[in-house]
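Engineer: what follows is a protein structure lacking sequence information:
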């Protein structure tokens, strides 16, 4: 990658020729860049030169994070500055800001304790953790339906046999069809000697047949 870093991105896409989709970038969706090259000093005879900020470009990826290394007057490390550029088709400003705050929170914890385990890093703020762990899971006082999952399924079969129960790609299966296919498989297994509490291994790709089984 370093040897070919000057290769235009468009040419790289043409050479790799990945499957295209209008919903995402063809190679990757998230970019993290660290700029740690010292700022150039322009010295032109008879001319004063200063840097100027450029208008943020259009987002080429779903999310792009650029971190810039800062130095003090003596050249010692003085922290990081950063920018987050996101596709507004996917994220709003509040979401982009929340992602940036979580990244800062993560970096602060790692900087304070470099040996910290990944499982011990907390990316959620206190109010977020309270909302996700406590308020969203406040189900202790909620009504719990009586019966098993199978009972709930059979109730829907009786109530709306034609309603869509499964959808995989462009294939829909109704509750009635799902029950019929599951019963057909059960009868086949029974004919092979499979009974209650018997273990049956499944080797199926994700899809409707897996749910039927």
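Structural biologist: Perfect, I can see it now. As the structure is a prediction and not an experimental result, all values here were calculated from the model.
Engineer: helix/strand/coil for residue 210?
Structural biologist: helix (DSSP: H, G, I helix; E, B strand; the rest coil).
Engineer: against residue 28, how distant is it?
Structural biologist: Going from residue 210 to residue 28 by CB to CB, to the nearest Å gives 30 Å. Just so you know, the C-beta spots here come from the backbone N, C-alpha and C atoms, and that holds for glycine as well.
Engineer: neighbour count: those two, which is higher?
Structural biologist: Taking neighbours as other CB atoms under 10 Å, residue 210 and residue 28 compare with residue 210 leading, 12 against 9.
Engineer: can you give me the strands for the protein?
Structural biologist: 30-35, 63-71, 77-86, 164-168, 171-174 (DSSP state E).
Engineer: how about the ones you listed, which one is nearest residue 203?
Structural biologist: Each of the strands of the chain was scored for nearness to residue 203 using CB to CB, and the closest is strand 164-168 (17.7 Å).
Engineer: list the buried ones in the closest one?
Structural biologist: 165-166 (16 or more other CB atoms under 10 Å).
Engineer: show me what it is packed up against.
Structural biologist: strand 171-174, helix 175-191, helix 208-212 (3 or more CB pairs under 8 Å, 6 or more residues apart in numbering; DSSP states H and E).
Engineer: need the strands of the chain in a markdown table with mean pLDDT, can you?
Structural biologist: Below are the strands of the chain laid out as a markdown table (pLDDT from 0 to 100):
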| stretch | mean pLDDT |
| --- | --- |
| strand 30-35 | 92 |
| strand 63-71 | 91 |
| strand 77-86 | 90 |
| strand 164-168 | 94 |
| strand 171-174 | 95 |
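Engineer: mind putting those into a markdown table with distance to residue 10?
Structural biologist: Listed next are these as a markdown table, based on distance: least, CB to CB, whole Å:
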| stretch | distance to residue 10 |
| --- | --- |
| strand 30-35 | 16 |
| strand 63-71 | 17 |
| strand 77-86 | 19 |
| strand 164-168 | 35 |
| strand 171-174 | 37 |
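Engineer: between these, which gets nearest to residue 57?
Structural biologist: Residue 57 sits nearest to strand 77-86 of all those, at 7.7 Å, using CB to CB.
Engineer: so how far is residue 52 from the residue of the chain most remote from its centre?
Structural biologist: When distances to the mean C-alpha position of the chain are computed (CA atoms, centre = their mean), the maximum falls on residue 46, with 52.8 Å. According to CB to CB, residue 46 stands 20 Å off from residue 52.
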